[in-house]
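pasting the sequence and the predicted model now:
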Amino acid sequence: MQILKIQGGRRLVGQVKASGAKNAALPILAASLLTADDLVLHNVPDLTDVRTMLKLLEGMGVTVKRDGETVVLNAGRVVSTVAPYELVKTMRASILTLCPLVARFGHAEVSLPGGCAIGARPVDQHIKGLRLLGADVIIEHGYVKAKADRLEGAHLFTDMVTVTGTENLLMAAVLAKGTTVIENAAREPEVVDLIECLNAMGAKISGAGTSVLTIEGVDRLHGAEHSVIADRIEVGSFLIAGAMTQGDVLVTHCVPKQMEPILDKLREAGAQLDVGDDWIRVRMTGRPKSVNIRTAPHPGFPTDMQAQFMTLNCVAQGTGHVTETIFENRFMHVPELMRLGAQITIEGSTAIVTGVEGLTGAKIMATDLRASASLVIAALAAQGESTVDRIYHLDRGYESMESKLKALGAEITRENQ
Ligand code: UD1
């Protein structure tokens, strides 16, 4: 088991390059199953979840060639349409192989993801939509087993806005016969990125970035070349780390216009932001001001930035309310932040954070992916030494986080325990 050891209290200063977005890369990698031709992807981040998805696809017979940030996939010789429990249990996004497999091969068996640390996270909307597209779907021995001769376009409406649900159904509809409409679709930039890649592969999807997507099914998709968008959550995390340590951090290779809800809250917290076409510079002097946060589907405030903003509130002037509306159990970082001296009380789905002058280093434990980033950020700002345990959570979604932080002046080392 590895830990991060952090000597906190140093200002972060310098420049850092954003990596490709994990949440865009995962569905786009799964989209390789939709064609027998090469799919050439650039800006693919090197992190555990991406490696898990590549392993899953390779197990199905997809050939994968990786050269730095470029990955070339070919699903010309798929030998299995099964996503086994052993991989799915480590990454729920494995469910994204379900619809492309059924759409192209007419069958799939994908282990049903169980609950996860932040909530129950069912996939009923994926299954409901796939059934409406004509697939015969049963749950047996812990697997979602789906069959269809050829999917047929349908009018779909998801009960709630679901990111991977929208992505999965898109990947079913692109090869279905006729027209599909998905209402209440997710508008996240990562969904838009998937649509751009699918359209480059010959799909006919309109409405990207809106809540109504129209898909004219085609008989086959072809190969394409696509560059994955920047990771707005990684960018946001570095901006918070800069602000929290009263530093001066420039993040390059990002897409500021996809980050308005995050930038808006940073400004409200008193951060000075300079924004270019593909870069953002954050500077902060003095303590931040408390901000109220309410998570919501895009373009609302992203739940994946909730823990990091709560951390900023921990050292802010005043009291901030952080309300989580997407996941039912996403406050597990709270007791860990309190070990660093934060003052937080939880009332239902709201955490009330009263800022303190400063945090002090302690031993803390990562509980889920985004919570782990918030704990690293808190430790960077805390006086003295902290150790962050269970950092495999962090490695799932952040590329080279500690070397990027080191380059900004953080004193951080990875150790085997
Ligand atoms: C994706 C992101 C995750 C982010 C989340 C919300 C990926 C790989 N992960 O997760 O980082 O935190 O969006 O922005 O892109 N729900 C159902 N039934 C379903 C589907 C969803 O009840 O069939 C519920 C979920 O339990 C949750 C809410 O809908 O309460 C939103 O979940 P969803 O958008 O599907 O999250 P993911 O796609 O799993």
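It's in.

return the residues of the stretch 51-200 of the chain in contact with the ligand.
With CB under 6 Å from any ligand atom as the criterion, the stretch 51-200 of the chain comes near the ligand at residues 93, 119-126, 160, 162-165, 190. (Each C-beta comes from the backbone N, C-alpha and C, glycine too.)

and with 8 Å instead?
Applying CB under 8 Å from any ligand atom, one finds that the stretch 51-200 of the chain approaches the ligand through 92-93, 96, 118-128, 158-167, 186, 188, 190.

so which of those are in helices?
Asp124, Gln125, His126, Ile127, Lys128, Val163, Thr164, Gly165, Thr166, Glu167, Glu190 (DSSP state H).

turn the buried ones among those residues into a named PyMOL selection, would you?
Here is the PyMOL command that picks out the buried ones among those, judged by 16 or more other CB atoms under 10 Å:
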select buried, resi 125+126+127+128+163+164+165+166+167+190
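
output the ones in helices among the residues of the stretch 51-200 of the chain next to the ligand as JSON lines; include the columns pLDDT and distance to Leu405.
Converted to JSON lines, these look like this (pLDDT from 0 to 100; distance: CB to CB, whole Å):
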{"residue": "Asp124", "pLDDT": "94", "distance to Leu405": "39"}
{"residue": "Gln125", "pLDDT": "96", "distance to Leu405": "37"}
{"residue": "His126", "pLDDT": "97", "distance to Leu405": "36"}
{"residue": "Ile127", "pLDDT": "97", "distance to Leu405": "40"}
{"residue": "Lys128", "pLDDT": "97", "distance to Leu405": "42"}
{"residue": "Val163", "pLDDT": "98", "distance to Leu405": "27"}
{"residue": "Thr164", "pLDDT": "97", "distance to Leu405": "29"}
{"residue": "Gly165", "pLDDT": "98", "distance to Leu405": "34"}
{"residue": "Thr166", "pLDDT": "98", "distance to Leu405": "33"}
{"residue": "Glu167", "pLDDT": "98", "distance to Leu405": "30"}
{"residue": "Glu190", "pLDDT": "98", "distance to Leu405": "24"}
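
and of the ones in helices among the residues of the stretch 51-200 of the chain next to the ligand, the nearest to Ala243?
Glu190 (24.2 Å; CB to CB).

assess the claim that the closest one and Leu96 are in contact.
No: at 11.4 Å, Glu190 does not count as touching Leu96 under the criterion of CB atoms under 8 Å.

now list whatever residues contact both of the two.
Pro27, Glu167 (CB atoms under 8 Å, 6 or more residues apart in numbering).

how many neighbouring residues does the nearest residue to Asn292 once chain neighbours are set aside have?
Among residues not flanking Asn292 along the chain, His321 sits closest, at 4.7 Å (CB to CB, 6 or more residues apart in numbering). Using other CB atoms under 10 Å, His321 has 15 other residues around it.

and what of the one 10 residues further on?
Other residues near Phe331 come to 22 when the count uses other CB under 10 Å.

I'd like to know how far it sits from the ligand.
As judged by CB to the nearest ligand atom, to the nearest Å, Phe331 and the ligand stand 14 Å apart.
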